[in-house]
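J.: coords please:
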Amino acid sequence: MSIEVIKCPACAATLDVDGKSEFIKCGHCGNTLRLKITNRPPQEPALIKFVDKALNIPLGSVELPADQFVPTGAVMPEAASNAYPMPIRCGVGNKFGTALSFFTGEGYIDDTKCPLLSSSYATVVNQISKIRFKPFMNAEQYANYYINQLIQTAKMTNAWFLENRPFPASGYNRKEALDSFIRLCNFKDQMAGTGNAATGKMYYLEESCKVYEVDVGPIKMRIVVAFILRGYRYQLPAMFGMGGGFMGGMFGFGPRPQYRSNGAQPGTFGDMPNNAAIEWSSNGVFTMMCPKERFDEDYKEFVQFASSFQMDSYIVQESIKMQEQMIRDVANYTQQNIAQQNANFQAMQQANRSLQEAFDSANQAWWNRSNAHHAQVMASSRSTFGESSADRISRMQSEAIRGVNTYQREDGSTVEVSVDYDHAYSNKLGDTLATNSSFEPGGNWDAMNRL
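T.: Below you'll find the model as predicted:
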């Protein structure tokens, strides 16, 4: 080990150097010096842990120089969705004004071509499952949407897009990420019991990393937004009652006019067929904001941040528990809804039976009164006009009351036929055929004469 003595170039007095300060002042002559430190060993990354201090919940960790960054983190229940029931935001900042952050992401369903995903029943299911609706955006559109949200929130001005960069997480492989996403979608289908019901399945996965320059007052800043956008499209049968993906158990009949759009954009899912829906999400959003002059140096830290960030196992497990609870709650509500529908159906059937019985009783009473009146009129007519006249007059009065005409068969017996028909026929078996057609039916049918 060697010790090097540093002297003031002005007065040759010995200087006290702590190895950290960029400027030192000579204690003898007051001369101020700026030190240039060369061959300084890089600061070894340390594990920085994120905690929601208000809830005392561990959120995640990242490998960065611990003496250079101050961590913050919080659970964001206001951003909860079906895809991310327990979203978090973690970030670090340094003394130069650079901020690096991670946001779990957002999850939505595009139902603009699928009216089956609405109705009063589906509305309750949406509330239980924290379903959020928004027309699908591809990675390019979502990046523009997200940066605009940041600009408005931070009141930035004069934003310019500068360039696209590779996704910052080292070791990222799109094919592996897509294969993993497809397996996840199939697993959710199996959980919902809808794997064989949904058709026309398509998958979309694209990473994005865009660099922008903005003005924050008089200061020029650089912003980087990086994420992976995923989408799963499926088509439901026209009158099917169970949704695809994680949407198991939803049905409906009315559209959502507040979400009208043209559906998926060309180049992603193509033209959307009817009854198709897209479950889509931004999976992990990494951002960096730093002064323009520090961009090249701090971008290295951003890559390290995105490559080493790990969500805490507690958050992962709680998210899985919450999703499983959503499935159970939807299943329970579905069973209750089915039971209520069955009860309503039984009540409706009983009401119909009671109504039919009342109608039959009233109808029978009417016929009884009609027959009694018919017998009374016949008896009165016989006593006044004689037998044949009484029969004819009473028959005509009775026919007028009951809306029928009387026809005579070949064997001399009579039969009444509704006035709605113009012709009546009978056969040797005693059957009657009534029609408005003037064509003879032929066969064993003989025309009857109206009395």
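
J.: So which residues of the stretch 51-200 of the chain form helices?
T.: Using DSSP state H, counting those that start in this stretch, the helices found in the stretch 51-200 of the chain span residues 120-129, 139-154, 174-192.

J.: which one of those lies closest to residue 166?
T.: helix 174-192 (10.7 Å; C-beta to C-beta). In short, each C-beta sits where N, CA and C put it, glycine included.

J.: What's the mean pLDDT across the closest one?
T.: Helix 174-192 shows an average pLDDT of 84 in the prediction.

J.: Which pLDDT value goes with the residue lying closest to residue 128 once chain neighbours are set aside?
T.: Using C-beta to C-beta, 6 or more residues apart in numbering and skipping residues adjacent in sequence, the residue nearest residue 128 is residue 329, 4.9 Å away. Model confidence at residue 329, given as pLDDT, is 80.

J.: Residue 329: what secondary structure?
T.: helix (DSSP: H, G, I helix; E, B strand; the rest coil).

J.: quick revisit: can you check which of the helices of the stretch 51-200 of the chain gets nearest to residue 95?
T.: Here helix 139-154 is closest among the helices of the stretch 51-200 of the chain (C-beta to C-beta), at 19.4 Å.

J.: Pull the distance from the closest one to the chain's centre.
T.: 22 Å (C-alpha atoms, centre = their mean, to the nearest Å).

J.: So which elements touch that helix?
T.: Applying 3 or more C-beta pairs under 8 Å, 6 or more residues apart in numbering; DSSP states H and E, one finds that helix 139-154 contacts strand 157-164, strand 199-216, strand 219-235, strand 276-291.

J.: Present those strands as TSV; the columns should include distance to residue 24.
T.: Shown next, in TSV, are those (distance: least, C-beta to C-beta, whole Å):
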stretch	distance to residue 24
strand 157-164	38
strand 199-216	33
strand 219-235	29
strand 276-291	25
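
J.: Out of those strands, which is closest to residue 85?
T.: Across the helices and strands packed on helix 139-154, closest to residue 85 is strand 276-291 (C-beta to C-beta), at 12.3 Å.

J.: Can I get the closest one in PDB, CA atoms only?
T.: Extracted in PDB, the C-alpha atoms of strand 276-291 (Å, rounded to 0.1, in the frame of the first residue of the first chain):
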ATOM      1  CA  ALA A 276     -64.800 -10.900 -31.000                       C
ATOM      2  CA  ALA A 277     -63.100  -9.400 -28.000                       C
ATOM      3  CA  ILE A 278     -59.500  -8.500 -27.200                       C
ATOM      4  CA  GLU A 279     -57.900  -8.800 -23.700                       C
ATOM      5  CA  TRP A 280     -54.800  -6.500 -23.800                       C
ATOM      6  CA  SER A 281     -52.400  -5.100 -21.400                       C
ATOM      7  CA  SER A 282     -49.100  -3.300 -21.000                       C
ATOM      8  CA  ASN A 283     -46.900  -5.700 -19.000                       C
ATOM      9  CA  GLY A 284     -44.400  -3.700 -16.900                       C
ATOM     10  CA  VAL A 285     -43.800   0.000 -17.800                       C
ATOM     11  CA  PHE A 286     -40.300   1.300 -17.200                       C
ATOM     12  CA  THR A 287     -39.700   5.000 -17.400                       C
ATOM     13  CA  MET A 288     -36.700   7.300 -17.100                       C
ATOM     14  CA  MET A 289     -36.600  11.100 -16.800                       C
ATOM     15  CA  CYS A 290     -33.300  12.900 -16.600                       C
ATOM     16  CA  PRO A 291     -31.600  16.200 -17.600                       C
END
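
J.: Not counting sequence-adjacent ones, nearest residue to residue 291?
T.: residue 97 is the one closest to residue 291 (C-beta to C-beta, 6+ apart), at 5.6 Å.

J.: you'd agree that neighbour is up against residue 293?
T.: No - using C-beta atoms under 8 Å as the test, residue 97 is too far from residue 293 to be in contact (10.7 Å).

J.: wait, what's in contact with the residue nearest the centre of the chain?
T.: Residue closest to the average C-alpha location in the chain (C-alpha atoms, centre = their mean): residue 109, at 3.7 Å. Residues in contact with residue 109 (C-beta atoms under 8 Å, 6 or more residues apart in numbering) are 82, 117, 131, 132, 133, 134, 247, 277, 278, 279, 280.

J.: Fine, thanks again, bye for now.
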